[in-house]
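>>> Only the shape, not the letters, is given here:
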């Protein structure tokens with residue numbers, strides 16, 4: 001390993017030379033209390049910034065063992081360090097002047113959710129810490145400006161490292177609160193299983209967001225208060241007794257007038273699969289972490305999915321036990337989303353009437369009388385929701401603003417009134433019984449067989465043969481792998497562009513190593529999940545360095561991404 005002084009000598013030697021001479025700086029350098037690794041040097045000042053990592057010995061970082069031994073507290077600590085480092089780096093970014101991306105200090109920017117990220121990794125046993133970032137190596141035109149890079153590497157970067165990555169310099173009270181919140185959130189998740197709850201929403205939670213482009217809590221918003229009939233108390237390890245609404249497993253209907261908070265509650269529940277930072281307002285909104293938001297998705301690709309539980313006997317004779325289409329309708333896409341979520345192991349569906357295909361969700365009695373059921377290939381979700389709960393153990397939380405057909409099916413009915421929930425189960429059941437007079441023959445429900453999850457794929461010859469596939473992220477909406485674009489904008493529980501980038505690398509890895517025509521889709525998705533759990537997100541990145549802009553995703557999103565890949569056959 002080279003010394004920090006050796007790097008300075010290299011920089012002085014190449015000063016004012018052509019920009020490619022920066023390549024000589026690649027390598028590892030021992031600074032006073034950390035190792036600086038220059039992993040990749042950009043080829044041009046206008047290209048993507050250079051990739052750099054900071055390695056700190058666990059004994060020098062000295063974070064307490066109770067913060068790093070357990071995975072949930074370790075992830076929370078890493079998240080806090082990323083936020084702190086990013087705040088420090090803001091003060092120095094672009095202070096070194098030059099052309100293109102000169103002087104840029106780019107650090108992962110987490111949102112309100114706490115995610116496991118490649119930007120900061122902490123070893124559970126030793127406490128060794130790796131922090132990854134990007135730096136724009138300075139230039140005047142395309143001529144090296146080594147003095148400016150010396151300022152970055154010997155003044156700016158050490159200031160950020162020393163104030164952020166060592167426990168003795170940290171805000172220790174804040175880090176203890178971070179650890180305590182992570183422990184409390186983990187405890188609630190365990191309690192959901194023990195108490196057979198689908199979700200928990202704490203009293204005092206702030207569910208509305210600041211705006212359509214800001215995920216921060218809305219100021220002066222109405223705080224959440226549980227109806228007494230659904231209230232539960234949890235004795236948390238650190239925060240003490242926390243009261244709130246426990247949504248039982250089963251079928252729950254959320255109703256109410258427009259703008260009263262139905263979709264806001266559902267949105268909080270779908271994000272509740274992740275932990276949130278203190279002050280978010282949803283830090284004690286915890287949902288079954290296998291929950292999947294189900295919606296219609298016109299135009300999506302469907303490959304070999306058994307949607308016969310919902311759709312049978314299509315006029316064109318298409319096989320719905322192994323349904324394939326490059327341009328799904330609203331009903332077929334929503335049916336596929338349900339079956340694929342079942343394949344991914346979900347225990348909870350989250351559905352909003354506003355984003356659903358009406359003919360998939362319901363078929364009223366009058367329509368059934370006019371258009372005979374034998375002429376209708378769709379068995380609507382309402383006819384399967386009880387079977388999904390009773391036979392498959394999959395709960396449903398459904399937002400309905402205009403259709404009361406689910407009142408008879410629901411175990412619980414919650415009405416949102418001015419952002420406050422009210423348990424109206426008995427009233428809804430009573431009114432539903434009065435409404436149904438029993439006249440006319442009730443249509444028979446088509447029996448459903450067990451859906452088949454035996455789906456085997458291989459990649460096309462072109463995709464499988466390319467060992468130099470490039471992964472390109474397109475925000476949260478899509479990811480491109482060797483120009484094969486996978487649309488993810490309707491996978492609504494993806495919250496961060498770093499998650500879509502990670503999915504891109506997973507698909508690339510799967511195409512090169514797993515899709516061999518013998519493995520089932522669920523085997524491939526679970527293999528990716530286990531590989532990352534065992535070896536970290538870097539296990540699917542086979543390049544010379546690990547990108548700093550990746551965030552771990554759930555197996556449900558791995559399935560969702562693979563299922564939308566159009567190059568599988």
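Noted; the coordinates are in hand. Not measured: the values here are computed from a predicted model. Numbering: from 1, shown residues only.
>>> what's the span of stretch 136-146 from first residue to last?
12 Å (C-alpha to C-alpha, to the nearest Å).
>>> Let me know the average pLDDT across the top strand by length along the chain.
Longest strand in the chain by number of residues (criterion: DSSP state E): strand 240-248. Strand 240-248 shows a mean pLDDT of 98.
>>> Who are the packing partners of the following helix or strand past it?
Counting by DSSP states H and E, the next helix or strand C-terminal to strand 240-248 is strand 251-255. Taking 3 or more C-beta pairs under 8 Å, 6 or more residues apart in numbering; DSSP states H and E as contact, the helices and strands that strand 251-255 lies on are helix 262-271, helix 385-390, strand 395-399, strand 412-417. Placement of C-beta: from N, CA and C, glycine included.
>>> Buried deepest among these, which one?
Neighbour counts (mean count of other C-beta atoms under 10 Å) averaged over each of the helices and strands packed on strand 251-255 peak at strand 395-399, with a mean of 25.
>>> Please name the strands paired to that one in the sheet, noting orientation.
strand 251-255 (parallel), strand 348-352 (parallel) (DSSP bridges).
>>> Show me the one of these that comes nearest residue 29.
Residue 29 lies closest to strand 348-352 among those, at 49.1 Å (C-beta to C-beta).
>>> what's in contact with that closest one?
198-199, 263, 266, 269-270, 287-288, 290-295, 338, 341, 361, 381, 388, 394-399 (C-beta atoms under 8 Å, 6 or more residues apart in numbering).
>>> Now the closest residue to residue 295 other than its chain neighbours. Its backbone dihedrals?
The shortest distance from residue 295 to any non-neighbouring residue, by C-beta to C-beta, 6 or more residues apart in numbering, is to residue 355 (4.1 Å). Here is the backbone geometry of residue 355 (degrees, to the nearest 10): phi -110, psi 20.
>>> ok, residue 355 touching residue 270?
No - using C-beta atoms under 8 Å, residue 355 is not in contact with residue 270, being 11.3 Å away.
>>> if we can go back for a sec, burial of the residue nearest to residue 295, as a residue count?
Neighbour count of residue 355, defined by other C-beta atoms under 10 Å: 18.
>>> could you pull out the strands for the stretch 301-450 of the chain?
302-305, 323-325, 348-352, 395-399, 412-417, 420-423 (DSSP state E, counting those that start in this stretch).
>>> where in this structure is pLDDT low?
Within the chain, the segments meeting pLDDT under 70 span 366, 368-369, 372-374, 436-444, 460-467.
>>> What residues does the residue nearest the centre of the chain make contact with?
In the chain, the residue lying closest to the centroid (C-alpha atoms, centre = their mean) is residue 494, at 3.7 Å. For residue 494, the contacting residues are 476, 488, 500, 553, 557, by C-beta under 8 Å, 6+ apart.
>>> Excluding chain neighbours, what is closest to residue 244?
Closest to residue 244 by C-beta to C-beta, 6+ apart is residue 202, at 3.8 Å.
>>> Tell me how far that neighbour lies from residue 430.
Using C-beta to C-beta, to the nearest Å, one obtains 30 Å as the distance from residue 202 to residue 430.
>>> buried sites along the longest strand of the chain?
Using 16 or more other C-beta atoms under 10 Å as the test for burial, strand 240-248 gives 242, 244-248.
>>> Give me the contact list for stretch 498-508.
Contacts of stretch 498-508 (C-beta under 8 Å, 6+ apart): 108, 115, 117-118, 469, 471-482, 486, 488, 494, 528, 532, 537, 540-541, 547, 549-553, 557-558, 561-562, 565.
>>> quick one: residue 272 and residue 287 touch, right?
Yes - counting by C-beta under 8 Å, residue 287 is a contact partner of residue 272 at 3.3 Å.
>>> Overlap in contacts, these two.
By C-beta under 8 Å, 6+ apart, the residues touching both residue 272 and residue 287 are residue 199.
>>> Buried subset of the contacts of stretch 498-508 as a ChimeraX selection?
Buried residues among the contacts of stretch 498-508 (16+ other C-beta under 10 Å), as a ChimeraX selection:
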select :108,115,117,118,469,471,473,474,476,478,479,481,482,486,488,494,528,532,537,540,541,547,549,550,551,552,553,557,558,561,562,565
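>>> Which of the contacts of stretch 498-508 fall in helices?
528, 532, 557-558, 561-562 (DSSP state H).
>>> possible to save those as CSV with distance to residue 130?
Formatted as CSV, the ones in helices among the contacts of stretch 498-508 follow (distance: C-beta to C-beta, whole Å):
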residue, distance to residue 130
528, 22
532, 16
557, 24
558, 24
561, 26
562, 29
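>>> Quick one: neighbours of the residue lying closest to residue 17 once chain neighbours are set aside, just the number.
Using C-beta to C-beta, 6+ apart and skipping the chain neighbours, the partner closest in space to residue 17 is residue 144 (5.3 Å). Residue 144 has 24 neighbouring residues, counting by other C-beta under 10 Å.
>>> With the one 10 residues further on instead?
By the other C-beta under 10 Å criterion, the neighbourhood of residue 154 contains 15 residues.
>>> Isn't it up against residue 5?
No - with contact defined as C-beta under 8 Å, residue 154 does not count as touching residue 5 (10.3 Å).
>>> tell me the contacts of residue 389?
With C-beta under 8 Å, 6+ apart, residue 389 has these contacts: 249-251, 395-396.
>>> Could I get the buried residue list for the longest helix seen in the chain?
As assigned by DSSP H, the longest helix anywhere in the chain is helix 172-194. Of the residues in helix 172-194, 175, 178-189, 191-192 count as buried by neighbour count, 16+ other C-beta under 10 Å.
>>> go on, stretch 513-520?
Neighbour-count burial for stretch 513-520 [16+ other C-beta under 10 Å]: 514-515, 519.
>>> Looking at those residues, which are in helices?
Among those, no member falls in helices (DSSP H).
>>> and of these, the nearest to residue 207?
For the buried residues of stretch 513-520, the nearest to residue 207 is residue 514 (39.5 Å; C-beta to C-beta).
>>> From residue 131, how far off is the closest one?
Residue 514 is 31 Å from residue 131, by C-beta to C-beta.
>>> cool, residue 163 as well?
Distance of residue 163 to residue 131, given as C-beta to C-beta: 12 Å.
>>> quick one: the residue nearest to residue 17 and residue 86, what's the gap?
Residue 144 is 27 Å from residue 86, by C-beta to C-beta.
>>> what does residue 514 give?
Residue 514 sits at a distance of 35 Å from residue 86 (criterion: C-beta to C-beta).
>>> same deal with residue 313?
56 Å.
>>> which one of those two has more residues nearby?
residue 86 (20 against 14).
>>> Quick check: that one touching residue 106?
No - Residue 86 is not in contact with residue 106 according to C-beta under 8 Å; the separation is 9.2 Å.
>>> quick one on the thing from earlier: for residue 202 and residue 430, indicate the residue with more neighbours.
Taking neighbours as other C-beta under 10 Å, residue 202 and residue 430 compare with residue 202 leading, 23 against 12.
>>> Cross-check the contact I'm expecting between the more buried one and residue 284.
Yes - Residue 202 is within contact range of residue 284, at 3.5 Å (criterion: C-beta under 8 Å).
>>> anything in contact with each of those two?
Both residue 202 and residue 284 are contacted by 242, 244, under the criterion C-beta under 8 Å, 6+ apart.
>>> May I see the buried residues of stretch 483-494?
In stretch 483-494, counting by 16+ other C-beta under 10 Å, buried: 484, 486-488, 490-494.
>>> Would you format these as JSON lines with distance to residue 377 included?
Formatted as JSON lines, these follow (distance: C-beta to C-beta, whole Å):
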{"residue": "484", "distance to residue 377": "31"}
{"residue": "486", "distance to residue 377": "29"}
{"residue": "487", "distance to residue 377": "26"}
{"residue": "488", "distance to residue 377": "29"}
{"residue": "490", "distance to residue 377": "23"}
{"residue": "491", "distance to residue 377": "26"}
{"residue": "492", "distance to residue 377": "27"}
{"residue": "493", "distance to residue 377": "30"}
{"residue": "494", "distance to residue 377": "32"}
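>>> what's the closest of the residues you listed to residue 26?
residue 484 (31.0 Å).
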